[in-house]
Each structure stands twice: as structure tokens, then as C-alpha cells.
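Visitor: okay, structure incoming, though there's no sequence with it:
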């Protein structure tokens, strides 16, 4: 039930319709603490209309409001504070959660619209580093949220399997590489060659010219260049899939930049047909002055294409293939200008669906305050971070619960979940410094804390032989009130997270719910056999259901025991 709407309707009725319901609804607030009520209406917005002091307006409103559906309604200075009927609220909330279970919070706002999500997108021939974590887990969480609200997400790993860096890698391999060394340790060897190239080219700039030639050969289908590229791609994918399995993340498509090689001619042809291409210093550009953007460089002076040419081809392909209602690109904030250009060029080409394309930017992960960089060799391998997190989780589990039957499985769920949760609890535009010891803690604002709270709820339910029913759910315990309100807010929280493309809203919600429930458990005797036992256990079960759903939306597992 929309209790805020109920409050708005009560105010409108007391005002004899002097204000429209939507206006009132937008002004209704949620006080900082439950002691000040569950909802509040600021009466000073009526001062000019009614020519009265706000305190008097608030007092008059209280007299005229039908208080039948409330515990009480009272004036506090210029505010009218509404205290909801706790028994009725608990009955409706707990009954809904227990009946709908994992489907609590489901919505149909997406109308089955398809939403391609461009995410993760590592470069082949390089290891997946911590720098790839954000795009991967933010994209996956958004896919889960979209599916929960009635969309059909399509997770696309747009692999970086094309571009001038492969000219550099081929040149480096030809100069310093060996087939045996690459076969023995593919990704690390290829990374070693790439890093060496960037060190050497500072003193030998002619290496860049050779690299550009190799990439042009690759674009033109040269046999040797193509064979090396296919080999680099194959060994990279094997390595990537091992890490995605560890994260519990799958993809619907691995079509990367190379897939669009034969689709770029059409893009250039459309641009030519619409007289959008202009020559500038031997290169071909699209002028975007009218959008206050720099020109979009479509072809270099040597005829080689750029990222934007392939991204234009990819956008057109995705619209034709999926007829999307939205198309998301979960890519770092440093690419904001690129996506503005992409949308502007598509608009100039006559594709109004470009308005449905959304760049979902995010901040950086740093280590000891320094940006991670493949070129400089300052790489933190994601695979190693996940393994270290699992080991840390295992140590803590052994200390807390040495007899846990499936300790290795739980350690994996807790360690990996901790890394994912830590990323997603940060608002995506915020950068943050990564400290593994802070991440894998069972106390504080961490994933393991939420997982442990859910496991505690399951432990309470195992300690009783009482079967929870949907009858007698009027919970009178005032200690349960904040937890009940948190539960009731879950569906609205999901919708807000989808609207803002912000998984941190769900992570923060789960932390608030966990903290609220732990406070309740510390102050109430749950397993006492009285007439409120079923209602208390229903609250415990509802918290377990919603915490599990919250974690699952983030891509985090939820162990039954820890």
C-alpha cells in the first residue's frame, strides 16, 4: 500500500480540495526519526494561501483530519506529523512479503522492453584487472534490477578486440616474443610484451609507426596479422571466463569491436549520403558545433577507423537486432564526451532512437591513492584479489564457526561477495581507494555484515519448530517498527535504483535493513512462546527474504549459515 498517498489524501480531504493531491504528495516528507512520526506535512506552504501562521494551519489541519487510519496525527510547530497504525501496517507488510517471497518488489514498468547493456569489455591479450571490476559488477547489478522491474536485459561483453593496441602487441611479439613462452603463460606474457613496448617506444618512436602498419594489415585481412590476433583472442577469452565464473557473472553476447569490421562501411556510406562527412587535415570528421562538441573523427589520415566508427555500427546493429527500449553503456566517466559525440552523430544520421541511449559513467578504483594502469605495468589482477578475499573470509569463518560443514563454499560466497558489495555500496560516480582488509570484514558497512545478518535470521528460524503462517501478523512490538518500515520500502527502493541507474541505493538499503533488524533482535526476545510468536518469526522470515533478494540484485550470494 502507498501510505504516503494515504497521507496526501487525508490532507487534501481536510483542506476541502484547496490543493491538488499530487502537489500535496510531493510535499509530504519522511522525518529523520520515527519519534517525529512516519510522515510529515510542512504547513508553511499554505501560509500565503490561507493568510495564517503555519503553526495555526497545522493545528487546524489536525482537527479536520480523519484519524481513523492512524495511530495519531499531531501538530509540531509548522508540521503535521502522521503516525501510522502499527498493527495494520505490520499485517499488510508481513503478509505481502510472506506471500510474494522472492517476487516481493517485482514490477512491470519495463513492459518487456529489451535493454542491451554494454559492460565489462576488457581488452584481449591483457589480464582482467581491478580496473575492470566496476563496469562488470555495476552492469550486472543493473541487469538484475532491470529484470526485476519487467525489462529484458541483454548483457553484452563488448570485447576490446580491435584497435591500434593490437598493432603494438603484434609488433612487440614479433620483436621479443616466442610461441613457447606465450603457450606456457598466455596472458602474463602478452602483458609483459605490451608493457615493454610502451617503455621502449619512449626512446624509439619509430616503433609506433610499425605498430600502426601492423594494425592496418590486420584491418586489411593480412594472413599473419589475423592468425596472431585470433590466437591472442582465444587465450584471452579462456582466461576471462575463468574470472567471470568466479564472480558468478554470465553474458548473452561476447561480440566485440572486431565483429563490426564489416559493418562500418555502411556507417560511412550513410554519413556520406547525408553530406555529414567533412575533410579536416586529411582526416574525415563530422562537425558537431551545434551540440557544443568537438568534431567526431570518423577516419584517420591513413584511412584507419576509430572507436566511434565501430560504436556507431554497434549502436545501429543493436537497434536492429533488439529493437531496444533503452541501450546502456556502463563505461568510465572519462568517456563522457565520447558518448555525447556518439549520440550526436546518430542524431545527425536521422536516428532519433539515439535519445534512448544512456551512458552510465562511474568513478575510479585507486590503490594507495594511485590510478591503476596497464601501460605502466601498475596492474592489480582481479583474479588474485578475489582469491585473497576468499582466503581472508575463510580465516574469519574458521575463527567464528570452525565446524561449518561447507566452509569452502561459504568462504567463496563471502569473499567474492565482499568485493562486489564494496564496489556497489559506493555511489557509482564516486572514486574510492581499495583496501582488502576493510572490504572483507564481518562488522561495519560491508557485504559480509549483511550476509551474516541474513544467516542469523535463518539461524533463528531453525531454532524453533513453529511454522510461520500468514495469520496473526499484527506485531505490537515498538522495537520492530523501523524494520517493518524498511521492509515496506523495498519495492520503491528498487524502482528508484532503476530510475537512477544506481545499484548503491540497493546496497545502502540492505545495510540499513540489516542494522535495523540487528537492533530489533538485540532488544526483543523473539522465540518466547506467546501470542506474538508467529508475528515476530514472520518479521524474521521477511527480513531473510528481503536481504537475500537485495544481495541477489547486487550479484552477491547469501549463505544460509556462516
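Guide: Noted; the coordinates are in hand. In this text the structure is predicted, and so the values were computed from the model without any measurement. Numbers count the residues shown, from 1 in each chain.
Visitor: quick one: contacts for residue 408?
Guide: Applying CB atoms under 8 Å, 6 or more residues apart in numbering to residue 408 gives the contacts residue 394. (C-beta placed from N, C-alpha, C; glycine too.)
Visitor: Three-state assignment for it, please.
Guide: helix (DSSP: H, G, I helix; E, B strand; the rest coil).
Visitor: I would like the residues contacting stretch 500-510, please.
Guide: Around stretch 500-510, the neighbours that count as contacts under CB under 8 Å, 6+ apart are 138, 141-142, 145, 328, 358, 360, 421, 424-428, 450, 486, 489-490, 493-494, 496-497, 547, 550-551, 553-554.
Visitor: now with 6 Å?
Guide: 141, 360, 424-425, 427, 450, 493, 496-497, 550, 553-554 (CB atoms under 6 Å, 6 or more residues apart in numbering).
Visitor: how about stretch 110-124?
Guide: Against stretch 110-124 from outside (CB under 6 Å, 6+ apart): 128, 132, 135-136, 139, 143, 146, 149-158, 160-161, 232-233, 236, 318, 322, 324-330.
Visitor: take those and keep only those in strands.
Guide: 152-156, 327-329 (DSSP state E).
Visitor: coming back round to it: ok, so of the contacts of stretch 500-510, who is nearest residue 385?
Guide: Among those, residue 424 lies closest to residue 385 (CB to CB), at 15.4 Å.
Visitor: quick check: pLDDT value at residue 500.
Guide: For residue 500, the pLDDT comes out at 98.
Visitor: burial count for it?
Guide: Per other CB atoms under 10 Å, the neighbour tally for residue 500 reads 12.
Visitor: from residue 22, how far off is it?
Guide: Separation of residue 500 from residue 22 (CB to CB, to the nearest Å): 21 Å.
Visitor: swap in residue 465?
Guide: With distances taken as CB to CB, residue 465 is found 50 Å from residue 22.
Visitor: the two: which is more packed in?
Guide: A count of neighbours by other CB under 10 Å puts residue 22 above the other of residue 465 and residue 22, at 10 against 5.
Visitor: host element of the more buried one?
Guide: For residue 22, the host element (DSSP states H and E) is helix 21-27.
Visitor: which residues touch that helix?
Guide: For helix 21-27, the external contacting residues (CB under 6 Å, 6+ apart) are 8, 11-12, 45.
Visitor: what subset of these is buried?
Guide: Among those, the ones that count as buried by 16 or more other CB atoms under 10 Å are 8, 11-12.
Visitor: quick one: residue 10 from residue 47, how far?
Guide: Distance from residue 10 to residue 47, by CB to CB: 20 Å.
Visitor: those two: which is more packed in?
Guide: Taking other CB under 10 Å, residue 10 and residue 47 do not tie; residue 10 has more neighbours (24 against 15).
Visitor: show me the contacts for the more buried one.
Guide: Contact analysis of residue 10 by CB under 6 Å, 6+ apart lists residue 65.
Visitor: that one in helix, strand or coil?
Guide: Recorded secondary structure, residue 10: helix (three-state DSSP).
Visitor: next, the buried residues of stretch 9-27.
Guide: Those would be 9-12, 14-15, 19, 24-25, 27, for stretch 9-27 by 16+ other CB under 10 Å.
Visitor: and the strands in this protein?
Guide: 39-42, 70-76, 79-84, 114-118, 152-156, 277-280, 283-286, 296-299, 327-329, 357-359, 365-367, 370-371, 432-433.
Visitor: show me what the first one is packed up against.
Guide: What that stands for is strand 39-42. Judged by 3 or more CB pairs under 6 Å, 6 or more residues apart in numbering; DSSP states H and E, the packing partners of strand 39-42 are strand 79-84.
Visitor: which elements pack onto the strand it packs on?
Guide: So strand 79-84, by 3+ CB pairs under 6 Å, 6+ apart, packs with strand 39-42, strand 70-76.
Visitor: now flag whichever of the buried residues of stretch 9-27 is closest to residue 296.
Guide: Nearest member of these to residue 296, counting by CB to CB, is residue 25, at 43.6 Å.
Visitor: burial count for residue 215?
Guide: There are 24 residues near residue 215, going by other CB under 10 Å.
Visitor: tell me who's in contact with it.
Guide: 164, 166-167.
Visitor: okay, now the unreliable bits of the stretch 451-562 of the chain?
Guide: In the prediction, the stretch 451-562 of the chain carries no residues with pLDDT under 70.
Visitor: check the gap between residue 408 and residue 394 for me.
Guide: On the measure of CB to CB, residue 408 and residue 394 end up 7 Å apart.
Visitor: burial of the residue lying closest to residue 294 once chain neighbours are set aside, as a residue count?
Guide: Excluding the flanking residues, the one nearest residue 294 by CB to CB, 6 or more residues apart in numbering is residue 288, at 6.8 Å. With neighbours defined by other CB under 10 Å, the count for residue 288 comes to 18.
Visitor: ditto for residue 204
Guide: Counted with other CB under 10 Å, residue 204 comes out at 11.
Visitor: now do the phi/psi pair for it.
Guide: The phi/psi pair for residue 204 (degrees, to the nearest 10) reads phi -130, psi 80.
Visitor: measure it to residue 165 for me?
Guide: Plainly put, residue 204 is 17 Å away from residue 165 if you go by CB to CB.
Visitor: what comes up buried for stretch 322-333?
Guide: The neighbour-count check on stretch 322-333 (16+ other CB under 10 Å) flags 322, 324, 326-331 as buried.
Visitor: likewise for stretch 332-349?
Guide: 338-349.
Visitor: any idea which of the ones in strands among the contacts of stretch 110-124 is closest to residue 386?
Guide: residue 155 (19.5 Å).
Visitor: that closest one: neighbour count?
Guide: Residue 155: 21 neighbours (other CB under 10 Å).
Visitor: go through the strands of the chain and find the least confident stretch.
Guide: With a mean of 74, strand 370-371 has the lowest mean pLDDT of the strands of the chain.
Visitor: could you point out the longest helix in this structure?
Guide: Ranked by residue count under DSSP state H, the longest helix found in the chain is helix 223-247.
Visitor: buried by neighbour count: which residues of it qualify?
Guide: Under 16+ other CB under 10 Å, the buried positions of helix 223-247 are 225, 228-229, 231-233, 235-237, 239-240, 243-244, 246-247.
Visitor: do stretch 437-457 as well
Guide: Quick answer for stretch 437-457 (16+ other CB under 10 Å): 439-442, 445-457.
Visitor: could you do stretch 135-148 as well?
Guide: 135-146, 148.
Visitor: can I get these in JSON lines including pLDDT?
Guide: Formatted as JSON lines, these follow (pLDDT from 0 to 100):
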{"residue": "135", "pLDDT": "97"}
{"residue": "136", "pLDDT": "98"}
{"residue": "137", "pLDDT": "98"}
{"residue": "138", "pLDDT": "98"}
{"residue": "139", "pLDDT": "98"}
{"residue": "140", "pLDDT": "98"}
{"residue": "141", "pLDDT": "98"}
{"residue": "142", "pLDDT": "98"}
{"residue": "143", "pLDDT": "98"}
{"residue": "144", "pLDDT": "98"}
{"residue": "145", "pLDDT": "98"}
{"residue": "146", "pLDDT": "98"}
{"residue": "148", "pLDDT": "98"}
